[in-house]
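Engineer: Got a sequence here, can you model it:
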Amino acid sequence: MSIPWVELYRPKEFSDIQHQEQAVSAFKQCVSTGQLPNLLLFGPQGTGKTTCIQALAHQLFGPDYYKDRVHEINASSDRGVQVIRDRVKPLAQRKISAVAPRAGYNYPVPALQIIILEEADALTRDAQAALRRIIEDCSQTTRLALLCNYPSQIIGPIVSRCAKFRFVPLPPPAIQLRLQQICAKESIIFEDALLEKLAVQSNGDMRKAVTQLQMVCQISDLKQGQKQIQLKDLDNLNLVQGITTQNEINTILRNITATNDKEFLSFIEETASFNFDVEELVNSIFVKLISLDQSDKIRIAAAQEYQKFGMNIARRCGEKLALQKFMLGLRVAALLK
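Structural biologist: Okay, here's the model as predicted:
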């Protein structure tokens with residue numbers, strides 16, 4: 001069975017990690033000294049949080065001790081205090097012995113273990129309180145690496161015990177460079193315009209870009225033992241996935257002000273029935289709006305409606321209803337400008 005490219009080409013060396021220089025520099029220092037604080041890595045998805053901490057662990061422990069010293073837990077599957085008591089605490093209380101230096105094994109292997117807790121912002125307050133106690137009680141041999149999107153959801157007593165690193169969305173050139181490297185390893189012939197569009201379309205998410213590249217290759221033609229991917233292949237994939245084109249975005253923006261109320265409501269119903277990826281659609285509309293030559297009032301209104309849409313989705317509001325509210329909010333703002 002083939003390995004997903006996201007895992008196959010996940011960087012294991014600091015030199016392969018894109019655009020997170022501050023975190024990489026600090027982690028290199030941890031490797032050289034063998035000293036490691038508890039860590040809080042935060043930022044949008046696909047920016048390299050998991051990759052960086054795994055690379056750090058590989059550089060600290062090497063292949064012989066990685067599995068024994070590094071433990072990964074995803075907090076989103078079980079948010080309550082029980083996961084801390086049943087899974088994290090027993091691991092944190094393990095006894096860790098120092099490793100004697102060995103000729104030819106050029107890794108520091110400190111007398112520590114790392115527990116990587118992904119999506120830590122999903123933990124309840126009670127679970128985080130229990131985690132804080134573990135950080136205090138097991139500090140001799142255990143380091144926690146908390147990964148999250150929203151650091152504001154982590155309680156203060158934990159934040160104050162961690163070194164914080166912010167991971168920023170990757171710029172399109174950095175993503176495009178990585179996609180080119182993967183294409184070279186896979187012997188793929190590509191159009192520059194395709195990779196450029198993929199990089200922009202991923203919105204700073206490297207994981208999304210690599211996954212999309214693999215899917216494009218899977219639907220393209222095989223020619224003379226090599227994959228040749230073209231811009232049309234990405235367009236076909238976008239169609240299957242319900243991703244909107246720029247022409248469709250422009251049509252939506254025109255209809256916000258160019259129709260009467262009855263026609264606009266019918267247009268919203270028609271748009272919702274097309275089975276677009278609603279979150280991607282709203283994000284594309286917002287990005288397009290703020291890139292246009294609009295008044296500050298319209299830009300502010302667009303940002304407010306975008307924020308409301310995000311809150312509605314987070315509250316499990318139906319996507320169709322959230323889209324309708326977003327578009328109606330834009331129309332009201334446009335007509336009152």
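
Engineer: which stretches of this structure have low pLDDT?
Structural biologist: 1, 221-226, 239-242, 259, 335-337 (pLDDT under 70).

Engineer: secondary structure class for the residue nearest in space to the middle of it?
Structural biologist: Central residue of the chain (Cα atoms, centre = their mean): residue 45, 1.2 Å from the mean position. Following DSSP: H, G, I helix; E, B strand; the rest coil, residue 45 is assigned to coil.

Engineer: for it, what are its contacts?
Structural biologist: Counting by Cβ atoms under 8 Å, 6 or more residues apart in numbering, residue 45 makes contact with 149, 205, 207, 208. Using the backbone N, CA and C atoms, a C-beta is placed for each residue, glycine as well.

Engineer: The third one: neighbouring residues, count only.
Structural biologist: Residue 207 sits with 18 neighbouring residues when counted by other Cβ atoms under 10 Å.

Engineer: that older thread, nearest to residue 134, of the contacts of residue 45?
Structural biologist: Here the nearest of those to residue 134, counting by Cβ to Cβ, is residue 149; it sits at 22.3 Å.

Engineer: how far away is the closest one from residue 96?
Structural biologist: Separation of residue 149 from residue 96 (Cβ to Cβ, to the nearest Å): 30 Å.

Engineer: same thing with residue 316?
Structural biologist: In terms of Cβ to Cβ, residue 316 sits 42 Å off from residue 96.

Engineer: Then residue 107?
Structural biologist: For residue 107, the distance to residue 96 - Cβ to Cβ - is 15 Å.

Engineer: pretty sure residue 237 is touching residue 215, no?
Structural biologist: Yes - here residue 237 reaches residue 215: they are 5.7 Å apart, a contact under Cβ atoms under 8 Å.

Engineer: sorry, back to before: could you check which of residue 316 and residue 96 has the larger neighbour count?
Structural biologist: More neighbours surround residue 96 than the other of residue 316 and residue 96, with 15 against 7 (other Cβ under 10 Å).

Engineer: Next up, the contacts around residue 74.
Structural biologist: So residue 74 contacts 118, 119 (Cβ under 8 Å, 6+ apart).

Engineer: Who does it form a beta bridge with?
Structural biologist: residue 118 (DSSP bridges).

Engineer: State the distance from it to residue 117.
Structural biologist: 8 Å.

Engineer: now residue 326
Structural biologist: Distance from residue 326 to residue 117, by Cβ to Cβ: 34 Å.

Engineer: go on, residue 109?
Structural biologist: Counting by Cβ to Cβ, the gap from residue 109 to residue 117 is 22 Å.

Engineer: more crowded one of the two?
Structural biologist: Here residue 109 and residue 117 are set side by side on neighbour count (other Cβ under 10 Å), and the busier one is residue 117, at 22 against 18.

Engineer: so how far is the longest helix anywhere in the chain off the chain centroid?
Structural biologist: Taking DSSP state H as the criterion, the chain has its longest helix at helix 49-69. Its chain's C-alpha centre and that of helix 49-69 lie 20 Å apart, by Cα atoms, centre = their mean, to the nearest Å.

Engineer: can you pull the buried residues of that helix?
Structural biologist: 49-62, 65, 69 (16 or more other Cβ atoms under 10 Å).
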